[in-house]
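Novice: need a structure here:
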Amino acid sequence: MKMRKKSDLPTKVCVTCGRPFAWRKKWEKVWDEVKYCSDACRNKRTH
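Specialist: Next up, the predicted model:
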């Protein structure tokens, strides 16, 4: 696969901290389900 610039990758906004985060290879198959930018934000989520 050809390398992409980080600015060309899709982004989302974290539902916990509100910061934008970019697509990562490890999220390739589950990108539609990703809501948090990090494990720390995922652990802080409100129920």
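
Novice: Where does Phe21 fall, secondary structure wise?
Specialist: strand 20-22 (DSSP states H and E).

Novice: Buried residues, that strand. List them.
Specialist: Phe21 (16 or more other C-beta atoms under 10 Å). For glycine as for every other residue, the C-beta is placed from the backbone atoms N, C-alpha and C.

Novice: Direction included, what does it pair against?
Specialist: Using DSSP bridges, the strands paired with strand 20-22 are strand 11-13 (antiparallel).

Novice: Give me the contact list for the strand it pairs with.
Specialist: Residues from elsewhere that reach strand 11-13 (C-beta atoms under 8 Å, 6 or more residues apart in numbering): 19-23, 34-35.

Novice: go with 7 Å
Specialist: 20-22, 34 (C-beta atoms under 7 Å, 6 or more residues apart in numbering).

Novice: need these in TSV with distance to Ser7 and pLDDT, can you?
Specialist: TSV is the format used below for the contacts of strand 11-13 (distance: C-beta to C-beta, whole Å; pLDDT from 0 to 100):
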residue	distance to Ser7	pLDDT
Pro20	12	96
Phe21	13	95
Ala22	9	94
Val34	19	95
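
Novice: coming back round to it: so how far is the strand holding Phe21 from its chain's centroid?
Specialist: Computed by C-alpha atoms, centre = their mean, to the nearest Å, the chain-centroid distance of strand 20-22 equals 5 Å.

Novice: The helix or strand just after that strand packs against which elements?
Specialist: Counting by DSSP H and E, the next helix or strand C-terminal to strand 20-22 is helix 39-44. Using 3 or more C-beta pairs under 7 Å, 6 or more residues apart in numbering; DSSP states H and E as the contact test, no helix or strand touches helix 39-44.
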